[in-house]
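Visitor: missing the sequence, but the structure's below:
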């Protein structure tokens, strides 16, 4: 409740989620961040980490922002008007993953990642609008936020531990007043077009009609620019054969939502027996379920019913007593070997 300014998650979701902004002072008390600038620089040098540098340039009536994408084996930020941003910090820093999990009152299928920005005075990425919800948690330093809501411009200066929630579509601009860190907890909001394209590709991989049009009785064309009626009939007939069920949509969505991003790399681990300790999901692993169906990192799971309760707890809490997963046998061995989870 401290995180949400005294509001319970239920009240916050009813009053503010995708409705109106919320500023919480000292949402995380004594918070100065979870990563140093040196550690951030090391991450920005890696090719399995998304990073970018944004610099503000003066010019004409309006400033402009130039963006360079990493990795940055060596970099030097300007003393003013520059920002280093690193996405997916939760995949590489345990404390950032713990920070992300503090927002687990929102389904994990909607949680995306923690992005951290380090800015020199005057630094920022410019005014912009996000299509998803975002919590902006201030680390060390101060930042001035301006955002437009209900035709009014609001301004606030945030310091360490302050939290600003912005719903989708709210135009905002953050400018560093001194060297500062800002942690953005972002949420995933797939677009209908994105889902549609991915679903058709999913259906294709599972056997969309693949007949090839043929016209052995073709006659000379009197109107070469006209689409042949036979081709239209062929297309309509083949497309009408596309069928899917609610179960197909569920399986697609489970695989789609747990598919690791292209740059994610798992580190292989050693398999340990599930006699003691706890099974802990790797921060890069996404395990989701609905009903009796489970999905891990883009793959559907066909596991025995006796393991369902333990898998649900593992998905919800990110860890479970290892003994509870003993019935999974080969799966548990493979997940450890692939780096999906570890037993501690």
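Guide: Okay, I see it. These numbers come from a predicted model, not from an experiment.
Visitor: Could I get the phi/psi values of the nearest residue to residue 162 once chain neighbours are set aside?
Guide: Spatially, and ignoring its direct neighbours in sequence, residue 162 is nearest to residue 138 (4.8 Å; CB to CB, 6 or more residues apart in numbering). In short, each C-beta sits where N, CA and C put it, glycine included. When quoted as degrees, to the nearest 10, the phi and psi of residue 138 stand at phi -80, psi 130.
Visitor: pretty sure residue 138 contacts residue 158?
Guide: Yes: if you go by CB atoms under 8 Å, residue 138 and residue 158 touch, sitting 4.4 Å apart.
Visitor: Now do the shared contacts for these two.
Guide: residue 164 (CB atoms under 8 Å, 6 or more residues apart in numbering).
Visitor: how deep is the residue nearest to residue 162 tucked in, by neighbour count?
Guide: Residue 138: 26 surrounding residues under other CB atoms under 10 Å.
Visitor: again with residue 88
Guide: By other CB under 10 Å, 23 other residues sit near residue 88.
Visitor: Next, please give the residue ranges for the helices of the chain.
Guide: Taking DSSP state H to define them, one finds helices in the chain at 9-15, 37-44, 94-101, 192-205, 229-239, 246-258, 308-317, 330-338.
Visitor: the domain parsing of the protein - what is it?
Guide: As given by automatic domain parsing, the domain ranges for the chain are 9-187, 190-212+227-244, 252-343.
Visitor: Comparing these by mean pLDDT, which bottoms out?
Guide: When the domains of the chain are ranked by mean pLDDT, domain 190-212+227-244 comes last with a mean of 88.
Visitor: now do the same end-to-end measure for that domain.
Guide: 20 Å (CA to CA, to the nearest Å).
Visitor: quick one on the thing from earlier: rebuild the helices of the chain as CSV, extending it with distance to residue 222.
Guide: What follows is the helices of the chain, written out as CSV (distance: least, CB to CB, whole Å):
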stretch, distance to residue 222
helix 9-15, 64
helix 37-44, 64
helix 94-101, 65
helix 192-205, 35
helix 229-239, 13
helix 246-258, 44
helix 308-317, 63
helix 330-338, 61
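Visitor: And those: which comes nearest residue 296?
Guide: Residue 296 lies closest to helix 246-258 among the helices of the chain, at 6.2 Å (CB to CB).
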